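K.L.:
Need the 3D shape of this:
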Amino acid sequence: MAKKPLAGAAEAPEIFADEASSVTIRRNVARFTFTSDRPLGEGADAEPVVVGHLAMSVTGFLSLYGRMDSIVRQLREAGRIGAGEAAAPAKKPAPKAAKKVAKKAAKKPAKKSSRK
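P.N.:
Next up is the predicted model:
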């Protein structure tokens, strides 16, 4: 027996995201910020851009976590992902702007404190 579609599902917006760049819980509300890598100009390197936000109850968050954990176990059992693959996200190279700031900071001499 096929499941009945949820009311309003056709009108709901679909958002593609490369990752959840932040997940926080405040006052019993879980808040997600989703980003997608997009070039910010002609020939520019792709940088993460916020594409959406989601806020849900902690109860809903825990339900989502349980479903996601079940899917990850199924993917492992099917050999589609490795044992540690879903445990930690891959490190992304720093955007060019962050690299420039880091280089400038490395060149500046440390300020000496006048307090003793």
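
K.L.:
what is residue 53 paired to in the beta sheet?
P.N.:
Beta-bridge pairing of residue 53 under DSSP bridges involves residue 33.

K.L.:
Spell out the residue ranges of the strands in this structure.
P.N.:
19-26, 29-39, 46-57 (DSSP state E).

K.L.:
of those, which approaches residue 85 most closely?
P.N.:
Closest to residue 85 of the strands of the chain is strand 19-26 (Cβ to Cβ; 14.2 Å). For glycine as for every other residue, the C-beta is placed from the backbone atoms N, C-alpha and C.

K.L.:
Mind checking the pLDDT average for the closest one?
P.N.:
Strand 19-26 shows a mean pLDDT of 97.

K.L.:
Residue numbering should commence at 28 henceforth.
P.N.:
In the new count, where the first residue is 28, that last one comes out as strand 46-53.

K.L.:
Would you mark the buried spots in that strand?
P.N.:
Buried residues in strand 46-53, counted by 16 or more other Cβ atoms under 10 Å: residue 48.

K.L.:
Nearest residue to the middle of this protein?
P.N.:
residue 47 (1.9 Å; Cα atoms, centre = their mean).

K.L.:
circling back: could the strands of the chain go into a markdown table alongside distance to residue 36?
P.N.:
As requested, the strands of the chain are exported to a markdown table (distance: least, Cβ to Cβ, whole Å):
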| stretch | distance to residue 36 |
| --- | --- |
| strand 46-53 | 22 |
| strand 56-66 | 19 |
| strand 73-84 | 16 |
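
K.L.:
Deepest-packed of these, please.
P.N.:
strand 56-66 (a mean of 15; mean count of other Cβ atoms under 10 Å).

K.L.:
Counting by contacts, list what that one packs against.
P.N.:
strand 46-53, strand 73-84, helix 85-104 (3 or more Cβ pairs under 8 Å, 6 or more residues apart in numbering; DSSP states H and E).

K.L.:
Dump those to a markdown table, plus distance to residue 111.
P.N.:
Formatted as a markdown table, the helices and strands packed on strand 56-66 follow (distance: least, Cβ to Cβ, whole Å):
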| stretch | distance to residue 111 |
| --- | --- |
| strand 46-53 | 17 |
| strand 73-84 | 23 |
| helix 85-104 | 10 |
